[in-house]
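>>> just need the structure, nothing else, for what follows:
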Amino acid sequence: MNHRRPALRFRAWHSLLPALVLLAAALPAGAETLARIASPREVLTVTLESQHEGRLAYRVERNGEPVIAASRLGFLLGDGRLERNLELVGQSRRSFDETWEQPWGERRLTRNRYNELRASFAEKASGGRSAGRRFDVVFRVYDDGVGFRYEFPEQPATDQVRIRQELTEFAVARPATAWWIPAFEWNREEYLYSRTALSEVGVAQTPITLRTDRGLHLSIHEAALVDYAGMNLAQGDGGVLRAALTPGDDSGPAVVRATPFATPWRTIQVGERAGDLAESSLILNLNEPNRLGDVSWFKPAKYVGVWWSLHLETETWGTGPKHGATTANTKRYIDFAADNGFRGVLVEGWNPGWDGDWFANGWNFDFTRPVPGFDLEWLAQYAAGKGVHLVGHHETACAVSHYERQLPAALDLYARHGVDVVKTGYVCDAGDIQRQDREGGPVVREWHEGQWMSNHHLRVVEEAAKRRIAVNPHEPIKDTGLRRTWPNWVSREGARGMEFNAWAQPPNPPDHEATLAFTRMLAGPMDFTPGIVSLKGRGGQQIESTLAKQLALYVVIYSPIQMVADLPEHYAEHPDAFRFIQDVAVDWEESRVLNGEVGDYVTFARKQRGGEEWFLGSVGDEQARTLQVPLSFLDPGRRYRAEIYRDGERAHWKDAPFEFVRETREVRSTDTLPLRLAAGGGQAIRFVPL
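Numbering: from 1, shown residues only. Predicted coordinates for the structure are as follows:
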């Protein structure tokens, strides 16, 4: 949930420059190879080297061709650099192969197959320092990517590590085009993606997506971000991207950890097609297995709610004559959900604190009681009687310590009333998270992706899990696959979502979703809130989409909780389109990318989990095009009824967005189906076995 907001005070990333402006040195001719390891099918190879003065570097090749050239490893610590005079004191290898089952997800079964290299290093005594600081570098090499991290064992010389910056590099070996959003800017992750030469990237958030001049696709990101600062990437010389850790508060380093500990995995996904990146499970596989056990209490589902009307300003978060969170209005949404098979009803503005300037003062929020006029107990009982659950909402306005003090009681309130999903929010300018370690003490400012907020999000997820509540944060920390370990962390925002189409200038352009599919969505599920069939925002602002595209987004933009985001009365005006939204699944047996180019178009096919139906979603950009799609993903020898929702012949997002056709035809796996996408258009198909 977002508003237009003024550019309040925020700390610029320029304060990081002393740690980021590092000397780039070419690999000396006398570099020593320390170890080499290949992926299971020998597609990718990682080489670990010792450079001049005992500095470490790694290289990645794909089928013998360089992907990542020699790239430095190391740290700037509170007591100096950890990068020179390093000697290899041990190494080990192992192979691993398992297939594990997701409790929910883009696919039910995931194969986790890699070869691992662990290399142990110690500093030589020099400059008055005695030898002793030790750490390991661990590489896991898959056929579709590489993950590596640093591990600091328990050791007498170092019981606490204070990390100012990582010296980790990614020296992309070929000229490349990059799709990226800026880091350390006020609007967090909510920017349109820039498409530039790699050499024109400034300081970028991850994941960043690259396509080399030879057509190879790469994505650089991280996995298992736990008790650590989020990693961004700063431009260096010659295509070198350097880690730029998100700062802590103004008083200290980016990360403080007691030994033993491990950093998050630094990840490089590699594929011939853009679709290979979207089909990769590398990020999930680098996370630890499920710690929660049975989470069958979380039900992937669609939900409706008091939300879009707030962005249209026809209703308000605050109390008053247009207040949206009333008992009567919520009952209306519960009835709408029950009548159409939707499980959840989100209500924003239900609790005290929204009156006045909540953006400036989140310390007024009370998460333990509703406002007068919102009968939480009665509504929860009424919803339960109709097979519907309320979806909770906790907007903090970044008064995060204030929220944490109320968190147990707030979650207890929800648990008593059957609220099993909560949407949290952290609306404020980047760098303005408010941390107060003791009541009445000083308030310090943190970043949304700093170490303290990394720990905060896990505190929320763990407290929610104790009460069988799932969490969907907005203005979140980035997704790094932790949903594998804590599968009640089901979705999040973390990009420019549908609400920008209500009020932003510019709104999301036609290529936005075809870009997200190969950038933000590589990190994990997004609560994009699709389905605005009215195609109008505040004051009649036009959404740059056709009607058919709004349907296709339910398949293209993955989330196990999908909002049916428009107003009930708008769905009544488009019953043919609404039928697909009623029918489309949200949990999948398997998912495939049938075609796609970053920012141009993409087509997904997904098979319903626990069923035999397939669903297809295809979206494009500002150019009309026709795609020929083989239906070989369907079961051989079986007939299907294809229920097609497509752009009409004259459809165009600007002057004919409602030109729309619903039709059926019989198809088999041997057929090829033409998909015509209008400018700003899309197509959605349900395949029903006959």
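>>> burial of Pro372, as a residue count?
Neighbourhood size, Pro372 [other Cβ atoms under 10 Å]: 9. All C-beta atoms are positioned from the backbone trio N, CA, C, and that covers glycine.
>>> if I pick it, what's in contact with it?
Taking Cβ atoms under 8 Å, 6 or more residues apart in numbering, we find Pro372 in contact with Thr319.
>>> A strand includes it, no?
No: under DSSP: H, G, I helix; E, B strand; the rest coil, Pro372 falls outside any strand and is assigned coil.
>>> give me the pLDDT for it.
With respect to pLDDT, Pro372 scores 97.
>>> okay, buried residues for the strand or helix carrying Val89 please.
According to DSSP states H and E, Val89 maps onto strand 86-101. Neighbour-count burial for strand 86-101 flags Leu86, Leu88, Gln91 (criterion: 16 or more other Cβ atoms under 10 Å).
>>> just checking, Ser559 touches Phe528?
Yes: judged on Cβ atoms under 8 Å, Ser559 makes contact with Phe528 at a distance of 7.0 Å.
>>> looking at those two, which is more packed in?
The neighbour count for Ser559 versus Phe528, taken as other Cβ under 10 Å, is higher for Phe528 (28 against 22).
>>> gap between the more buried one and Arg520?
From Phe528 across to Arg520, the span is 9 Å (Cβ to Cβ, to the nearest Å).
>>> what residues are shared contacts of these two?
Counting by Cβ under 8 Å, 6+ apart, the shared contacts of Phe528 and Arg520 are Ala495.
>>> so which residues of the stretch 351-500 of the chain form helices?
Ranges of helices within the stretch 351-500 of the chain are 376-385, 400-416, 451-466, 500-503, based on DSSP state H, counting those that start in this stretch.
>>> just to revisit the earlier point, turn the buried residues of strand 86-101 into CSV, columns for pLDDT and distance to Leu277.
Compiled in CSV, those are given as follows (pLDDT from 0 to 100; distance: Cβ to Cβ, whole Å):
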residue, pLDDT, distance to Leu277
Leu86, 96, 33
Leu88, 96, 33
Gln91, 97, 30
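>>> what about the strands in the stretch 151-300 of the chain?
160-166, 169-172, 176-180, 194-197, 203-204, 208-212, 217-223, 231-235, 240-245, 255-258, 261-262, 265-271 (DSSP state E, counting those that start in this stretch).
>>> mind putting the ones you listed into TSV with mean pLDDT?
TSV is the format used below for the strands of the stretch 151-300 of the chain (pLDDT from 0 to 100):
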stretch	mean pLDDT
strand 160-166	96
strand 169-172	98
strand 176-180	98
strand 194-197	97
strand 203-204	98
strand 208-212	98
strand 217-223	98
strand 231-235	97
strand 240-245	98
strand 255-258	97
strand 261-262	98
strand 265-271	99
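>>> select, out of those strands, the one closest to Trp588.
When those are compared by Cβ to Cβ, strand 265-271 sits nearest Trp588, at 20.1 Å.
>>> show me what the closest one is packed against.
strand 56-62, strand 65-72, strand 145-152, strand 217-223, helix 274-279, helix 282-285 (3 or more Cβ pairs under 8 Å, 6 or more residues apart in numbering; DSSP states H and E).
>>> name every strand pairing with it and say which way it goes.
When pairs are called by DSSP bridges, strand 265-271 turns out to pair with strand 145-152 (antiparallel), strand 217-223 (antiparallel).
>>> okay, these, which one's buried deepest?
strand 217-223 (a mean of 25; mean count of other Cβ atoms under 10 Å).
>>> burial measure for Ala262, as a count.
For Ala262, the count of nearby residues is 18 (other Cβ under 10 Å).
>>> next: Ala125.
11.
>>> could you measure from it over to Phe365?
Noted for Ala125: a distance of 55 Å to Phe365, by Cβ to Cβ.
>>> ok, Gly418 touching Gly387?
No: counting by Cβ under 8 Å, Gly418 stays clear of Gly387, with 11.2 Å between them.
>>> if we can go back for a sec, nearest to Gly132 among the buried residues of strand 86-101?
Checking the buried residues of strand 86-101 against Gly132 by Cβ to Cβ gives Leu86 as the nearest, at 12.4 Å.
>>> quick one: contacts for the closest one?
Ser50, Gly54, Arg55, Leu56, Phe121, Ala122, Glu123, Lys124.
>>> give me the domain ranges for this structure.
Per the record, the chain has its domains at 32-286, 301-494, 496-559+579-689, by the TED database.
>>> gap between the two ends of the shortest one?
Across its full length, domain 496-559+579-689 reaches 36 Å between end residues, using Cα to Cα, to the nearest Å.
>>> deepest-packed of the helices of the stretch 351-500 of the chain, please.
Taking mean count of other Cβ under 10 Å, helix 500-503 is the most buried of the helices of the stretch 351-500 of the chain, at a mean of 22.
>>> other SSEs contacting that one?
Using 3+ Cβ pairs under 8 Å, 6+ apart, helix 500-503 is in contact with helix 308-312.
>>> list the buried residues for the helix or strand that comes right after the helix it packs on?
With elements assigned by DSSP H and E, the helix or strand that comes after helix 308-312 is helix 327-340. Buried residues in helix 327-340, counted by 16+ other Cβ under 10 Å: Asn329, Thr330, Lys331, Tyr333, Ile334, Asp335, Phe336, Ala337, Ala338.
>>> helix 327-340 vs helix 376-385, what angle?
Helix 327-340 and helix 376-385 meet at an angle of 10 degrees, taking axes from the mean of the first three to the mean of the last three Cα atoms, to 10 degrees as the criterion.
>>> so which elements touch helix 327-340?
Against helix 327-340 (3+ Cβ pairs under 8 Å, 6+ apart) you get strand 301-306, strand 344-347, helix 376-385, helix 568-572.
>>> picking up where we left off before, could the strands of the stretch 151-300 of the chain go into a markdown table alongside distance to Glu32?
Shown next, in a markdown table, are those (distance: least, Cβ to Cβ, whole Å):
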| stretch | distance to Glu32 |
| --- | --- |
| strand 160-166 | 23 |
| strand 169-172 | 18 |
| strand 176-180 | 29 |
| strand 194-197 | 33 |
| strand 203-204 | 32 |
| strand 208-212 | 28 |
| strand 217-223 | 26 |
| strand 231-235 | 28 |
| strand 240-245 | 21 |
| strand 255-258 | 30 |
| strand 261-262 | 26 |
| strand 265-271 | 23 |
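>>> so which of those strands is nearest Arg496?
Per Cβ to Cβ, nearest to Arg496 of those: strand 194-197, 12.6 Å.
>>> what are the contacting residues of the closest one?
Pro175, Ala176, Thr177, Ala178, Trp179, Trp180, Ile181, Pro182, Gly599.
>>> any of the residues you listed buried? List them.
Judged by 16+ other Cβ under 10 Å, buried ones among the contacts of strand 194-197: Ala176, Thr177, Ala178, Trp179, Trp180, Ile181, Pro182, Gly599.
>>> which ones are touching the first one?
With contact set as Cβ under 8 Å, 6+ apart, Ala176 has these partners: Ala197, Leu198, Leu210, Arg211, Thr212, Asp213, Leu218, Gly239.
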